[in-house]
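Trainee: quick one, structure for this:
(chains A and B)
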Amino acid sequence: MGRKILLVEDDRETATYLAKGLGQEGHSVEQANNGQDGLFRATDGSFDLIILDRMLPGIDGVSVLKALRAAHIDTPVLILSALASVGDRIEGLQSGSDDYLTKPFSFAELLARVNALLRRRESRVDPTEHRLTVGDLEIDPLSRTVKRGGKKLDLKPREYLLLEYFARNEGRVVTRTMLLEQVWDYHFDPGTNVIDVHVSRLRRKLDEGYDKPLLHTVRGAGYMLAA
Amino acid sequence: MPTTLRIALLAGLLALLSNLAVIGFIYLRTHDDAVATVHRQVIEQGKVLADVYRSGGDEALDDAIADTMTYADPQTVIALLNPDRSEIKGNLESLRPPLAAGPEGYHTALVRLRGQTTPREAALVVNRLPTGQWLISGRIAGEGFAIRDTLERSLFIAVLVAGLLGLLCGIVTAHYVGTRISSIARVANRISPRDLSQRIPVSRSGDAFDLLATQINAMLDRISGLMEELRMLTDSLAHDLRSPVSRLRSAAHAAAEASDPAEQEELLGSVIRQADALMRILTAVLEISRSESLTGRKQFNWFDVGELAAELAEMYDPLADERGANLEYDRPARPVPLFGHRQLLAQAVSNLVENAIRYGSTGGEIRVHVEPGDRQIRVEVGDRGPGIPANRRDEARRRFGRLDSSRSDEGAGLGLALAEAIAHLHDGKLKLADNGPGLLTILELPVHAARAV
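Mentor: This next block holds a predicted model:
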């Protein structure tokens, strides 16, 4: 199912590369190469997602974003930026964007985030009201209990949050950085495989003793929870 | 106008003004005294004559005038005039301006007495008698006025001398200031990015110029320290980037040559990993310089350091476990509030914990501890690993100061430098100490950081 994505990026090479990749994923991509044009196109509100470069000729990305939010256009926005410091990331997120990705990034990372944002837009219902199921896995966000094949799993609080985030992105790739940002709310780049260790602990509790694994490693990208 | 001249003129002007104030005061007091004495005498004399006329009439007045002319001192002026101002009696030869028709009362005028050739200044009292005649009495005021004139002359000279002296003082001061300043300026002029070794001579008087010179010298010390650090950083950055870049290059080269698709994919994966590692180094360097430039301060907030440490201890516990170490943390009983950049401090503490895990796991125990305090909060991370000898600790916290030179290790050698930069952002310090055995890293964060914003 293709979606309409607006790509505001002044670097021709990056723009072409991204448009091509997203096109292959079935999305229709419209491009703008400066802030004014981007803002103009975005104001019709028909896009499912806007990918916005932070440094643009004319109006910069953050100003475009502020103008959009001021005009009550709540299309999800993913900011791309070469400003990679923690302070810059926080500032980018605080300016009203839904996600922030620093350059250079792998296409897998971008795609994972794009899909997560598109999915969030799809299901705008109160997430806590729903029971999440993935195959024979059942998650109750209200009581924070998890059952697999009817048997209760004993998870630590952080392991539960990790699993819930995976379940909300069922069938989609979730990267390590996304996990660190969404589950721990940290925006730095750890120098160790600390996230992998948490995921493998969760996997042990989740998949050990079951025939069909649910938590998969996606090489070069991250992880995916899928039945 | 050159500054020296301006200072000289200003000093001269100020000296002149203050002298004028003093001299003016003296002038007013003494001048008034001299004139007032004459004034009093003249009024007195006028009154006496008027009384004589009232009690004795014309005759008595005539006698009094005659007596005065005969016995009084030659300075006395006395005259009785007709209403038409022609003289009846007295020693008044001429009067200028003609006062007799003028108002009664006290006047000063130029008069010529009988037997004298030059008009002199006199103080006079004019009374009109009931008969319409004018009675004029007074004194040649030479004495009082002479005092006044002398006074005025000497005061004028005093003002002139004061002005000149002031100007001289100004010139001397300006010359002194100018010499001291230009000695500073000459040194400042000789300082260039190539030569920061010049220092301004400091005399031992401890005056404001010495203070200025000391401050400038201290500033130069700091600048040359920074320049040196920058040079070393650039050197080590270039040096440290060489090997990952050359590994990246050979991996890319091999990938281009590979014929087997599986092998090629493997090699391309390695290219990406190498590029990511490079990127991490550059991000860390950027992070350090951004932290140091205080850009993060607007993102400061209150948060609980105890809770932050708990979160990080929980996050790193499985990793430590996997490397064979037990990570311990006793959370303080009460919240430990600090005004700071939570994300950056999380990064600083996580760097310390990662360091401990990376180099100290062999010791089997890693301890995270938060020490609350009124003035500063200490966040300590201790391991039981090999530690760092005291003489190499400074080296360890330097950028790229990784002590073992094995390049295959995952750390870029920037962890401690970044933690230190973040501590500085919070007006704090990073300390390395002996954990007997092992390494103890301590972040000291002053609680007053809130005020510095």
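
Trainee: for the rest of this, base every contact and every neighbour count on C-alpha atoms.
Mentor: Noted.

Trainee: who's in contact with stretch B:159-175?
Mentor: By CA atoms under 8 Å, 6 or more residues apart in numbering or on different chains, the residues outside stretch B:159-175 that reach it are B:4-5, B:7-16, B:19-20, B:23.

Trainee: can you pick the most crowded of those?
Mentor: Within the contacts of stretch B:159-175, most neighbours by other CA atoms under 10 Å in any protein chain shown means B:Ala11, with 23 neighbours.

Trainee: relative to chain A, how far out is the residue nearest to it when sequence neighbours are not counted?
Mentor: Once flanking residues are discounted, B:Ala11 sits nearest to B:Gly170: 4.5 Å by CA to CA, 6 or more residues apart in numbering or on different chains. Noted for B:Gly170: a distance of 55 Å to chain A, by CA to the nearest CA, to the nearest Å.

Trainee: give me the secondary structure label for B:Gly170.
Mentor: helix (DSSP: H, G, I helix; E, B strand; the rest coil).

Trainee: re earlier: tell me which of the contacts of stretch B:159-175 fall in helices.
Mentor: Mapping the contacts of stretch B:159-175 onto helices (DSSP state H) picks out B:4-5, B:7-16, B:19-20, B:23.

Trainee: ok, now which ones touch the nearest residue to A:Asp53 once chain neighbours are set aside?
Mentor: What sits nearest to A:Asp53 in space, not counting adjacent residues and going by CA to CA, 6+ apart, is A:Leu80, at 4.6 Å. Neighbouring residues of A:Leu80 by CA under 8 Å, 6+ apart: A:Ile51, A:Leu52, A:Asp53, A:Arg54, A:Tyr100, A:Leu101, A:Thr102, A:Lys103.

Trainee: the first one - how many residues pack around it?
Mentor: Think A:Ile51. Using other CA under 10 Å, A:Ile51 has 25 other residues around it.

Trainee: I'd like the next helix or strand past the helix or strand harbouring it.
Mentor: Secondary structure assignment for A:Ile51, by DSSP states H and E: strand A:49-53. On the C-terminal side of strand A:49-53, the closest following helix or strand by DSSP H and E is helix A:61-70.

Trainee: what are the phi and psi angles of residue 106?
Mentor: You didn't pick a chain, so chain A it is. When read as degrees, to the nearest 10, the backbone of A:Ser106 gives phi -90, psi 150.

Trainee: sorry, should have said chain B
Mentor: Torsion angles at B:Tyr106 (phi, psi; degrees, to the nearest 10) stand at phi -90, psi 140.

Trainee: same check, this time on B:Arg384
Mentor: Dihedral pair for B:Arg384: phi -110, psi 30, per degrees, to the nearest 10.

Trainee: what about B:Gln274, how many residues nearby?
Mentor: Neighbours of B:Gln274 under the rule other CA under 10 Å: 20.

Trainee: strands of the chain, start to end?
Mentor: Assuming you mean chain A. Applying DSSP state E to chain A gives strands spanning A:4-8, A:28-32, A:49-53, A:77-81, A:99-102, A:132-134, A:137-140, A:145-148, A:151-153, A:174-175, A:215-218, A:222-225.

Trainee: oops, wrong one, chain B.
Mentor: B:76-81, B:87-90, B:92-96, B:105-113, B:120-128, B:134-140, B:301-304, B:326-330, B:337-340, B:365-371, B:376-383, B:429-434, B:439-446.

Trainee: need those in CSV with distance to A:Asn33, mean neighbour count and mean pLDDT, can you?
Mentor: Below are the strands of chain B laid out as CSV (distance: least, CA to CA, whole Å; neighbours: other CA atoms under 10 Å in any protein chain shown; pLDDT from 0 to 100):
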stretch, distance to A:Asn33, mean neighbour count, mean pLDDT
strand B:76-81, 108, 23, 83
strand B:87-90, 114, 16, 76
strand B:92-96, 100, 16, 71
strand B:105-113, 97, 19, 79
strand B:120-128, 99, 22, 81
strand B:134-140, 103, 25, 82
strand B:301-304, 37, 14, 90
strand B:326-330, 50, 19, 93
strand B:337-340, 38, 22, 90
strand B:365-371, 49, 22, 95
strand B:376-383, 47, 24, 94
strand B:429-434, 45, 19, 90
strand B:439-446, 45, 24, 94
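
Trainee: possible to save the ones you listed as CSV with distance to chain A?
Mentor: Output for the strands of chain B, formatted as CSV (distance: least, CA to the nearest CA, whole Å):
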stretch, distance to chain A
strand B:76-81, 98
strand B:87-90, 104
strand B:92-96, 90
strand B:105-113, 86
strand B:120-128, 89
strand B:134-140, 93
strand B:301-304, 13
strand B:326-330, 14
strand B:337-340, 12
strand B:365-371, 16
strand B:376-383, 17
strand B:429-434, 19
strand B:439-446, 18
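
Trainee: would JSON lines of these with distance to B:Arg392 be doable?
Mentor: As requested, those are exported to JSON lines (distance: least, CA to CA, whole Å):
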{"stretch": "strand B:76-81", "distance to B:Arg392": "106"}
{"stretch": "strand B:87-90", "distance to B:Arg392": "115"}
{"stretch": "strand B:92-96", "distance to B:Arg392": "105"}
{"stretch": "strand B:105-113", "distance to B:Arg392": "98"}
{"stretch": "strand B:120-128", "distance to B:Arg392": "99"}
{"stretch": "strand B:134-140", "distance to B:Arg392": "101"}
{"stretch": "strand B:301-304", "distance to B:Arg392": "33"}
{"stretch": "strand B:326-330", "distance to B:Arg392": "26"}
{"stretch": "strand B:337-340", "distance to B:Arg392": "30"}
{"stretch": "strand B:365-371", "distance to B:Arg392": "21"}
{"stretch": "strand B:376-383", "distance to B:Arg392": "17"}
{"stretch": "strand B:429-434", "distance to B:Arg392": "10"}
{"stretch": "strand B:439-446", "distance to B:Arg392": "12"}
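
Trainee: for B:Thr214, which of the ones you listed is the nearest?
Mentor: The closest of the strands of chain B to B:Thr214 is strand B:429-434. By CA to CA, the value is 25.7 Å.

Trainee: how far off centre is the lengthiest helix in chain A?
Mentor: Ranked by residue count and defined by DSSP H, the top helix of chain A is helix A:107-122. How far helix A:107-122 lies from its chain's middle: 5 Å, per CA atoms, centre = their mean, to the nearest Å.

Trainee: is that helix up against chain B anywhere?
Mentor: No - counting by CA under 8 Å from any CA of the partner chain, chain B has no neighbours in helix A:107-122; the shortest distance is 11.8 Å.

Trainee: for that helix, output the C-alpha coordinates as PDB.
Mentor: Taking C-alpha atoms only, helix A:107-122 is exported to PDB below (Å, rounded to 0.1, in the frame of the first residue of the first chain):
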ATOM      1  CA  PHE A 107      18.400   3.500   4.000                       C
ATOM      2  CA  ALA A 108      17.200   0.700   6.200                       C
ATOM      3  CA  GLU A 109      17.200   3.000   9.200                       C
ATOM      4  CA  LEU A 110      15.200   5.700   7.300                       C
ATOM      5  CA  LEU A 111      12.700   3.100   5.900                       C
ATOM      6  CA  ALA A 112      12.200   1.600   9.400                       C
ATOM      7  CA  ARG A 113      11.400   5.100  10.700                       C
ATOM      8  CA  VAL A 114       9.200   6.000   7.800                       C
ATOM      9  CA  ASN A 115       7.200   2.900   8.200                       C
ATOM     10  CA  ALA A 116       6.800   3.400  11.900                       C
ATOM     11  CA  LEU A 117       5.600   7.000  11.400                       C
ATOM     12  CA  LEU A 118       3.100   5.900   8.600                       C
ATOM     13  CA  ARG A 119       1.800   3.200  10.900                       C
ATOM     14  CA  ARG A 120       1.300   5.600  13.700                       C
ATOM     15  CA  ARG A 121      -0.800   7.800  11.500                       C
ATOM     16  CA  GLU A 122      -2.800   4.700  10.400                       C
END
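
Trainee: what packs against it?
Mentor: In this structure, helix A:107-122 makes packing contacts with helix A:12-24, strand A:49-53, strand A:174-175, judged by 3 or more CA pairs under 8 Å, 6 or more residues apart in numbering or on different chains; DSSP states H and E.
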